[in-house]
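S.K.: Give me coordinates for this.
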Amino acid sequence: YAGLISYTFDSKVTSITGSFENSTASSVVFPNVDLSSCSFAGNTYLQNFQFVSNYNASTSIPTSFFSGCTSLQYITLPSCITTVGASSFSGCSSLLGSQNTSSLNLEHVTNIGFAGTSQNSGSCFANCIKLETVIFSSNLAVLGPYSFSGCSSLLIDTDTLPSCSSFNHIYPYCFNGCTSINTLTIPANVEIIDSYSFYGCTGIQSIYISTGLTTIGESAFEAAATIDYINLPPSVNSIGLNAFNGMKLSSLSMSINYFLSTTPSAIQNLQDLTTTSTAADAYGYSTWMYNVFGTPFGGQSSKSSDFSNLPQGVKIEYYYTFGKMPGSTFDMSILTSQDVEYWLNTWEISSVFTSGPFNAFVSPSITEIGEGAFSNCVNLSTMSLHASVTSIGSSAFSNCTNMSNLFIGTYLDDLNNSQLKTIGDYAFTGSVMQQIILPSTVASLGRGCFYNSQKLGNVIFFRGSKIETINDFCFANCSNLTSFKFPTT
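M.R.: As a prediction, this is how the structure comes out:
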């Protein structure tokens, strides 16, 4: 095919065998023929590849089919293609996606590479350095290792990674070296971020992780950029060696239950957390913090026994995860005052132990906060509720006189997923919150709900609010309330 500029195969062709590595055609229209017996790997002339209309002869792009096609810019995959084989587009350094949208549309592809850890299982789009946007399938099942490794122009928007139950594992090196990723949102269906998944993603400035993630692998975010804050959900029970090494992370929020359970790993983590590292460049970090974060990014810091507050390293903010107490057999979705009292005493954080302020998160298994659950818990500072909570009972947080924050989920977008409908009588009376954002699902605020919350200055009903009833004395004696907009409902 030397000398050809474009080529359209005859519709009568029934099979194609062999390599097109030396073809000089820049544009190809491929017939309705199985792909498995031919290849365009190594072709440096091909720029535009199209499938004939109504193509249905193959369900997958074979391994290395377009590998090394350095001039390939445009391709539109037909709907019958559900699998992209390992290294199929690896090294396509000019690839942009579809000619119409300049986005790579993978909306019908459920398997990108194969489950595994080696490059031979993935690398589907590795080093496609001009690729910027990808549309994933809502039924994505496998995003294999090295899938987009080295795609230095790739962007990941808030809803880029699909929120489907079949997609629960980001395999090793998947987005390694994707230096243009700015904001990373991990949906709740992802359980595992494997080793080196986002290694070297130096452009990341914000990371939002939903409850559901259990494992952060070795060096998963190593050598990433400067980030102010990451909130790890309580579901995280394993953080690998050097997971955040080299990241200039100012503050990390995580459940202290990570260190307080009776599993062997938690016992070891607690031991490492309370032991100063012997590494020469640890500068006072505990063994656990040095293993996870590496050398304090600010250089040498003063020795300190307070391993959560080193002056020139990452600051750790701990919260306690409240769920049903051991042995409970009824009301397993309701967090009662008895459950709360059990954990306060077990962890020795109630006021009777002269404990300082603490932060709390309600377990994802809880859907109702019972009557008086945290009432008079005067050292409760910040409360985070999982998005699955549907009701907050009467006096649930009454007279929590140091409670300054109430959050739904682990980041702002979780408000979109909130199922909270009712907040009972006197639920937050006497709080010191300065602002409250009420999810759009809330339909009723009880009598005296925020009564005597004298620092409350701003009440926000989230967009699309369904509020119908604000009962008597709901905001009575909120003497600093300056901003309150009634929604149309």
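
S.K.: contacts and neighbour counts: CA atoms only from here.
M.R.: Fine.

S.K.: what's the residue nearest to N417 when sequence neighbours are not counted in contact with, if anything?
M.R.: Using Cα to Cα, 6 or more residues apart in numbering and skipping residues adjacent in sequence, the residue nearest N417 is A387, 6.0 Å away. With contacts defined as Cα atoms under 8 Å, 6 or more residues apart in numbering, the neighbours of A387 are P364, I408, G409, D414, L415, N417, S418, Q419, L420.

S.K.: what stretches of the protein score poorly on pLDDT?
M.R.: Under the criterion pLDDT under 70, the flagged ranges of the chain are 1-4, 298-312, 354-355, 410-413, 489.

S.K.: if you go through it in chain order, where are the helices?
M.R.: Taking DSSP state H as the criterion, the chain carries its helices at 257-260, 264-273, 287-293, 337-346.

S.K.: Now do the third one: everything it contacts.
M.R.: When you say that, I think you mean helix 287-293. Counting by Cα under 8 Å, 6+ apart, helix 287-293 makes contact with 239-247, 269, 272-278, 282, 296, 314, all of which sit outside it.

S.K.: How about the shortest one?
M.R.: Helix 257-260 has contacts (Cα under 8 Å, 6+ apart) with P234, V236, N237, A266, I267, N269, L270, Y320, T321.

S.K.: likewise stretch 319-328?
M.R.: Here stretch 319-328 makes contact (Cα under 8 Å, 6+ apart) with 234, 253-257, 332, 334-335, 339-340, 342-343, 358-363, 365-366.

S.K.: mind redoing it with 7 Å?
M.R.: When contacts are defined by Cα atoms under 7 Å, 6 or more residues apart in numbering, stretch 319-328 is touched by residues 234, 254-257, 332, 335, 339-340, 342, 358-363, 366.

S.K.: thinking again about what came up before, which among the contacts of helix 287-293 count as buried?
M.R.: Among the contacts of helix 287-293, those that count as buried by neighbour count (16 or more other Cα atoms under 10 Å) are 239-247, 269, 272-277, 282, 296, 314.

S.K.: got a list of what N405 touches?
M.R.: Under the contact definition (Cα under 7 Å, 6+ apart), the residues listed for N405 are S381, T382, M383, M433.

S.K.: And for the residue nearest to S197 when sequence neighbours are not counted, the neighbour number?
M.R.: Distances taken as Cα to Cα, 6+ apart put Y173 closest to S197, at 4.1 Å, once the chain neighbours are dropped. Neighbours of Y173 under the rule other Cα atoms under 10 Å: 30.

S.K.: if I read this right, Y173 contacts G144, doesn't it?
M.R.: No - the pair formed by Y173 and G144 falls short of the contact definition of Cα atoms under 7 Å, at 8.9 Å.

S.K.: from memory A188 sits against Y208, does it?
M.R.: No - assessed by Cα under 7 Å, A188 is found out of contact with Y208, at 10.4 Å.

S.K.: TSV for the helices of the chain, including distance to C80?
M.R.: As requested, the helices of the chain are exported to TSV (distance: least, Cα to Cα, whole Å):
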stretch	distance to C80
helix 257-260	45
helix 264-273	45
helix 287-293	43
helix 337-346	53
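
S.K.: Give me the most central residue, the protein.
M.R.: Within the chain, one residue has its C-alpha closest to the average C-alpha position: by Cα atoms, centre = their mean, that is I186, at 2.0 Å.

S.K.: Give me the neighbour count for G327.
M.R.: With neighbours defined by other Cα under 10 Å, the count for G327 comes to 6.

S.K.: sorry, that was for P487
M.R.: A count of neighbours around P487, defined by other Cα under 10 Å, yields 14.

S.K.: which residues touch it?
M.R.: Residues in contact with P487, defined by Cα under 7 Å, 6+ apart, are F461, S465.

S.K.: try A427
M.R.: When the contact criterion is Cα under 7 Å, 6+ apart, the partners of A427 are G393, S394, S395, A396, F397, S398, C449, F450.

S.K.: of all the residues you listed, which two lie farthest apart?
M.R.: Using Cα to Cα, the pair of the contacts of A427 lying farthest apart is G393 and F450, separated by 13.1 Å.

S.K.: residues near T101, how many?
M.R.: Neighbouring residues of T101 were enumerated by other Cα under 10 Å; the total is 12.

S.K.: let's have the chain start at 206 instead
M.R.: Shifting the count to begin at 206 puts that one at T306.

S.K.: Look up how far G405 lies from it.
M.R.: Here the criterion is Cα to Cα, to the nearest Å. By it, T306 lies 28 Å from G405.

S.K.: Check N253 too.
M.R.: Applying Cα to Cα, the value for N253 to G405 is 31 Å.

S.K.: quick one, which of these two is more surrounded?
M.R.: When neighbours are counted by other Cα under 10 Å, N253 and G405 differ, and G405 comes out ahead with 24 against 21.

S.K.: So for G598 and F655, which sits in the more crowded spot?
M.R.: F655 (28 against 23).

S.K.: for the stretch 306-455 of the chain, what spans make up the strands?
M.R.: 309-311, 316-317, 339-341, 347-348, 374-375, 388-391, 397-398, 411-414, 420-421, 431-436, 443-444, 453-460 (DSSP state E, counting those that start in this stretch).

S.K.: what's near enough to touch N237?
M.R.: V257, Y260, N261, A262 are the contacts of N237 under Cα under 7 Å, 6+ apart.

S.K.: burial of V583, as a residue count?
M.R.: Each residue near V583 was counted by other Cα under 10 Å, and the total is 20.

S.K.: show me the contacts for it.
M.R.: With contacts defined as Cα under 7 Å, 6+ apart, V583 is in contact with S556, C605, T606, N607.

S.K.: what's the distance between the last one and N584?
M.R.: For N607, the distance to N584 equals 6 Å [Cα to Cα].

S.K.: Give me the contacts around stretch 670-679.
M.R.: The set of residues that contact stretch 670-679 without belonging to it, under Cα under 7 Å, 6+ apart, is 645-656, 692, 694.

S.K.: Equivalent analysis for stretch 433-440, please.
M.R.: Stretch 433-440 has contacts (Cα under 7 Å, 6+ apart) with 412-419, 454-460, 526, 615.

S.K.: go again using 8 Å as the cut-off
M.R.: With Cα under 8 Å, 6+ apart as the contact definition, stretch 433-440 has outside contacts at 410-419, 453-460, 462-463, 526, 566, 568, 615-616.
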